[in-house]
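Engineer: Prediction below, plus the sequence it came from.
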Amino acid sequence: MGDSSLVNLESLAEAASGAAGALVSTTVLYPLDTCKTKYQAEVRSSDRQKYRNISDVLWEAISTRQVLSLYQGLGTKNLQSFISQFIYFYGYSYFKRLYLKKSGVKSIGTKANLVLAAAAGACTSIIIQPLDTASSRMQTSAFGKSKGLWETLSEGSWTEAFDGLGISLLLTSNPAIQYTVFDQLKQRLLNRQNNSNELGSKGSSVALSAFSAFALGAVSKSVATVLTYPAIRCKVMIQAADHDEESKESKNAKPKPPKTVLGAVSAIWGKEGIPGFFKGLQAQILKTVLSSALLLMIKEKISKFTWIAILALRRYLLVSPRRVKSA
């Protein structure tokens, strides 16, 4: 019983530190995320392209005096990031410890790590999909015309709130690849540092530095992003709002954005060709690499504090009832 409780507390510490890191990184990089998402959502032929590059989105916000609209949907995105990262890190940590306990092995191999990370990602995607869809719609709405969370979700049916769930489940391979690469690189780096310490007769284990965590986070996310980018682009299109003004004025003016993977693939292939599947890749890498590296750096630095705080809270909660009884 005690061991099970310890496992849950360790998983909780991992989840709390990961969620805190997600909250900070999402807020800091949100304007870039909004520009990236609006740029990815647009599918037009070259002669009718509104955004020729991601800087055009930023210039539109500045020229229309809607700079603050770069933060539209920030509350929903933060809520989504916090919940998703908490669930993901809790599930990932819990599944890893459960696997080690049941299998009796001392370390987790690459294949098992991928499966565990994908399982945690699938659980996360199903739970937070409505928030994911809402945040994408709010970001891709015209500047200054974004609606609130509940209003955005209530525009359509609850089935539509799960638009892109299938591709979200497919994209669980992204964090699975990312965290597997990160864990493997981290373990190798720590082993080297520990060996250096032993040679230097210090003997104590070393923690991952902030710079190392940032660098490893950047490398791991870059690998995952490049491998899964076509699916990421399709997902943004599926979840995007009907942001063309002419389609708002006349319902028959233009078809709604594709809501299926096949529809998204067809639209990209027909209007942009093969390069379209990688439109915005540089912006995606810049945003996701910075976000993930910042998240993992913060998580690494506060995980020990979070663990101590949870143990202190647990001890306080266990002691308090005894004091009440004795009084």
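Structural biologist: Received, thanks. Residues are numbered from 1 along each chain as shown.
Engineer: contacting residues around stretch 158-166?
Structural biologist: Stretch 158-166 is touched from outside by 125-126, 129-130, 132-134, 153, 235, 238-239, 259, 261, with contacts defined as C-beta atoms under 8 Å, 6 or more residues apart in numbering. Using the backbone N, CA and C atoms, a C-beta is placed for each residue, glycine as well.
Engineer: After the lowest-mean-pLDDT helix or strand in the chain, which helix or strand is next?
Structural biologist: Lowest by mean pLDDT, DSSP states H and E among the helices and strands of the chain is helix 245-249, with a mean of 45. Next along the chain after helix 245-249, taking DSSP states H and E as the criterion, comes helix 261-271.
Engineer: just to revisit the earlier point, pull out the buried residues from the contacts of stretch 158-166.
Structural biologist: Ser125, Gln129, Pro130, Asp132, Thr133, Ala134, Leu153, Lys235, Ile238, Gln239, Val261 (16 or more other C-beta atoms under 10 Å).
Engineer: Between which two of the contacts of stretch 158-166 is the distance greatest?
Structural biologist: Largest separation among the contacts of stretch 158-166 by C-beta to C-beta: Leu153 and Val261, giving 21.8 Å.
Engineer: can you redo the contacts of stretch 158-166 as TSV with secondary structure, pLDDT and distance to Phe143?
Structural biologist: Listed next are those as TSV, based on DSSP: H, G, I helix; E, B strand; the rest coil; pLDDT from 0 to 100; distance: C-beta to C-beta, whole Å:
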residue	secondary structure	pLDDT	distance to Phe143
Ser125	helix	89	29
Ile126	helix	89	32
Gln129	helix	90	26
Pro130	helix	89	24
Asp132	helix	89	21
Thr133	helix	88	20
Ala134	helix	88	18
Leu153	helix	75	21
Lys235	helix	89	22
Ile238	helix	87	22
Gln239	helix	84	18
Lys259	coil	71	24
Val261	helix	84	28
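Engineer: which residues in this structure form helices?
Structural biologist: Along the chain, counting by DSSP state H, helices occupy 2-28, 30-41, 54-63, 74-103, 110-140, 149-154, 165-170, 173-199, 210-239, 245-249, 261-271, 281-326.
Engineer: Out of those helices, which one sits most buried?
Structural biologist: Comparing these by mean neighbour count (mean count of other C-beta atoms under 10 Å), helix 30-41 comes out on top with a mean of 23.
Engineer: on that earlier part again, which of the buried ones among the contacts of stretch 158-166 lies closest to Leu70?
Structural biologist: Distances from Leu70 to those, taken by C-beta to C-beta, are shortest for Ala134, at 17.5 Å.
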